[in-house]
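Asks: okay, sequence plus prediction incoming.
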Amino acid sequence: MNALQSTYECLLEKISSREARVGIIGLGYVGLPLAMAIARASFPATGFDIDPEKIVTLNDGRSYIEAVTPDALASEVSGGRFHATSEFSELEACDVVIICVPTPLTRHRDPDLSFVRNTAKVIARYLRRGQLIVLESTTYPGTTDDVVKVILEESGLKSGTDFFVGFSPEREDPGNKKFEVATIPKVIAGDGLMAASLMEAFYGKVVKSVVPVSSTSTAEAVKLTENIFRSVNIALVNELKVIYDAMGIDIWEVIEAAKSKPFGYMPFYPGPGLGGHCVPIDPFYLTWKAREYEIPTRFIELAGEINSAMPRLIADKLAETLNLRFGKAMSKSRILVIGLAYKKNVSDIRESPSLRLIEIMEERGAIVDFHDPHVEEIPPTREHLALQGRRSVALTRDTLKNIDAVTIATDHDAVDYRAIAECAPLVVDTRNVMDRWGFDNANVVKA
């Protein structure tokens, strides 16, 4: 048996016997649920993060992510299957290392791979023979080969000879109780046949089913395709909403009727814009990469423009309705925004259109508060620093009677919509939630 075969067989045996120690770098919305799934699969898991507060919180068995319950976390910590650390020297003891760090966009909508690059450099410092390094962060096709592998090989070790490299895109859906990490099919790919085999062996023990593809670039393209599909279709219904509204047609009624067709149609729904870390961002990773091939991505860019324009269109609708119904300017109005999170029943505010909506209203002189049962306080964000520290106000009937309008941006279940219907002078509903709850009052306007 040659050295390469021996290295491969040794790691495969560790994975097969669940003795392989797994390191997960980045303990956010992707990394922490993944770490729990790995620990539940009986692999010893070590979570790495640069935030010292997270480390203390996790090792105390306290979770800051809704998808991971405190009981589930405490069980894995007390059972010795998971611990968190900021000591990256512990990477050397890991047999599998998974990168789950952010991949945001710059202000010019170019990929910001600084977190991935810096993480790869740290791993390279402690890289040893016989490790499997996996990237899960969403990125453009070619990143695993052209960025991560290149940085790791600066250590002097070679992928496919001394260590192994793979890519598997995360498929988290915060707030979706039907699926969790272990039950969502996992797309996997490796740099070479041995890496691919190790990827299948490892993830096959963590999740219910794996979907192997031929290359890491293909796996990277799978994730972009999934979210480009959503972005383009959401943009389509957002554009139709504007067109049908001008014609006096209710887009929500149209969609409800259209989705009765049992083939050839899949319902998407309009809203105040796109949020979350994936759908507003991922399409532009492909747009950026396509420039290298001098290929325009007009559809993707148009979808981005339409979705990005929605907060301003909602503010326009609110201003127009305030003026028509009450003869009041937005600059002299007090507005309550319902929902800061980017989707219902979660606390995740990443790229939430509510943040931009509040800014636009305040730029026009309005006094704006927000209520969100899942978000007590606005944390620091890259793009909305002026909103940091603001706190959710209580949703009382007195509060509702002392404002000029409510704008429903996120349709959380834990909101008293009856009180809103009965007490708010005006309700601008971007999610059709009032109709779904049976409140078709004259003070409700769909937007």
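Replies: Yep, it's here.
Asks: could you list the low-pLDDT ranges of the stretch 201-350 of the chain?
Replies: By pLDDT under 70, the stretch 201-350 of the chain contains no weakly predicted segment.
Asks: could you pull out the helices for the stretch 101-250 of the chain?
Replies: When secondary structure is read from DSSP state H, counting those that start in this stretch, the stretch 101-250 of the chain shows helices at 114-126, 143, 149-153, 193-203, 216-246.
Asks: can you show me the CA trace of the first one as CSV?
Replies: It stands for helix 114-126. Taking Å, rounded to 0.1, in the frame of the first residue of the first chain, the C-alpha atoms of helix 114-126 are listed here in CSV:
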residue,chain,number,x,y,z
SER,A,114,-12.0,37.8,3.1
PHE,A,115,-13.5,35.5,5.7
VAL,A,116,-12.9,32.4,3.6
ARG,A,117,-9.3,33.4,2.7
ASN,A,118,-8.4,34.2,6.3
THR,A,119,-9.9,31.0,7.5
ALA,A,120,-8.0,29.0,4.9
LYS,A,121,-4.8,30.7,6.0
VAL,A,122,-5.4,29.7,9.6
ILE,A,123,-6.1,26.1,8.6
ALA,A,124,-2.9,26.1,6.5
ARG,A,125,-1.0,27.0,9.6
TYR,A,126,-2.1,23.8,11.4
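Asks: who does it touch, helix- and strand-wise?
Replies: strand 22-25, strand 96-99, helix 149-153 (3 or more Cβ pairs under 8 Å, 6 or more residues apart in numbering; DSSP states H and E). (C-beta placed from N, C-alpha, C; glycine too.)
Asks: distance to F439 and mean pLDDT added to these, as a markdown table?
Replies: Below are the helices and strands packed on helix 114-126 laid out as a markdown table (distance: least, Cβ to Cβ, whole Å; pLDDT from 0 to 100):
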| stretch | distance to F439 | mean pLDDT |
| --- | --- | --- |
| strand 22-25 | 44 | 98 |
| strand 96-99 | 46 | 98 |
| helix 149-153 | 55 | 98 |
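Asks: quick one: closest of those to K289.
Replies: K289 lies closest to helix 149-153 among the helices and strands packed on helix 114-126, at 16.3 Å (Cβ to Cβ).
Asks: quick one: buried residues of the closest one?
Replies: K149, I151, L152, E153 (16 or more other Cβ atoms under 10 Å).
Asks: between those residues, which is closest to L395?
Replies: Looking across those and measuring by Cβ to Cβ, the closest to L395 is I151, at 49.1 Å.
Asks: and stretch 202-219, what's buried?
Replies: By neighbour count on 16+ other Cβ under 10 Å, the buried set for stretch 202-219 is 202-207, 210, 212-213, 215-217, 219.
Asks: before we move on, what about stretch 386-394?
Replies: L387, S392.
Asks: which residues touch it?
Replies: Contacting residues not belonging to stretch 386-394 are listed as 336, 340, 355, 358-359, 369-373, 375-381, 399 [Cβ atoms under 8 Å, 6 or more residues apart in numbering].
Asks: could you dump that stretch to CSV, C-alpha only?
Replies: Only the C-alpha atoms of stretch 386-394 are listed here, as CSV (Å, rounded to 0.1, in the frame of the first residue of the first chain):
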residue,chain,number,x,y,z
ALA,A,386,-27.6,54.2,12.5
LEU,A,387,-30.3,51.7,13.6
GLN,A,388,-28.1,49.8,16.0
GLY,A,389,-29.5,49.5,19.5
ARG,A,390,-33.1,50.4,18.8
ARG,A,391,-35.5,48.3,20.7
SER,A,392,-38.8,46.7,19.8
VAL,A,393,-41.8,48.6,21.2
ALA,A,394,-44.7,46.8,22.9
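Asks: distance of E253 from N432?
Replies: According to Cβ to Cβ, to the nearest Å, E253 stands 9 Å off from N432.
Asks: what about D369, which SS state?
Replies: Secondary structure, DSSP: H, G, I helix; E, B strand; the rest coil: D369 is strand.
Asks: what bridges to it?
Replies: Beta-bridge partners recorded for D369 (DSSP bridges): L336.
Asks: go ahead and confirm it touches I338.
Replies: No. Look at D369 against I338 with Cβ atoms under 8 Å: they stay out of range, at 10.2 Å.
Asks: more neighbours: which of those two?
Replies: Per other Cβ atoms under 10 Å, whichever of D369 and I338 has more neighbours is I338, with 28 against 15.
Asks: was I right to think the more buried one contacts A414?
Replies: No. Using Cβ under 8 Å, I338 is not in contact with A414, being 11.0 Å away.
Asks: shared neighbours of the two, anything?
Replies: Here I338 and A414 have no joint contacts, going by Cβ under 8 Å, 6+ apart.
Asks: contacts only, for S214.
Replies: Each residue near S214 by Cβ under 8 Å, 6+ apart is listed here: A189.
Asks: again, only using 10 Å
Replies: By Cβ atoms under 10 Å, 6 or more residues apart in numbering, S214 lies in contact with A189, G190, A196.
Asks: go through these and give me the one with the most neighbours.
Replies: G190 leads those on contacts (other Cβ under 10 Å) with 28 neighbours.
Asks: now for the nearest residue to that one once chain neighbours are set aside: which residues touch it?
Replies: Using Cβ to Cβ, 6 or more residues apart in numbering and skipping residues adjacent in sequence, the residue nearest G190 is A196, 3.4 Å away. By Cβ under 10 Å, 6+ apart, the contact set of A196 is F164, G166, I188, A189, G190, P212, V213, S214, S215, T216.
Asks: show me the contacts for the last one.
Replies: Read that as T216. Neighbour list for T216: 134-135, 141-146, 148-149, 165-168, 188-192, 195-196, 199 [criterion: Cβ under 10 Å, 6+ apart].
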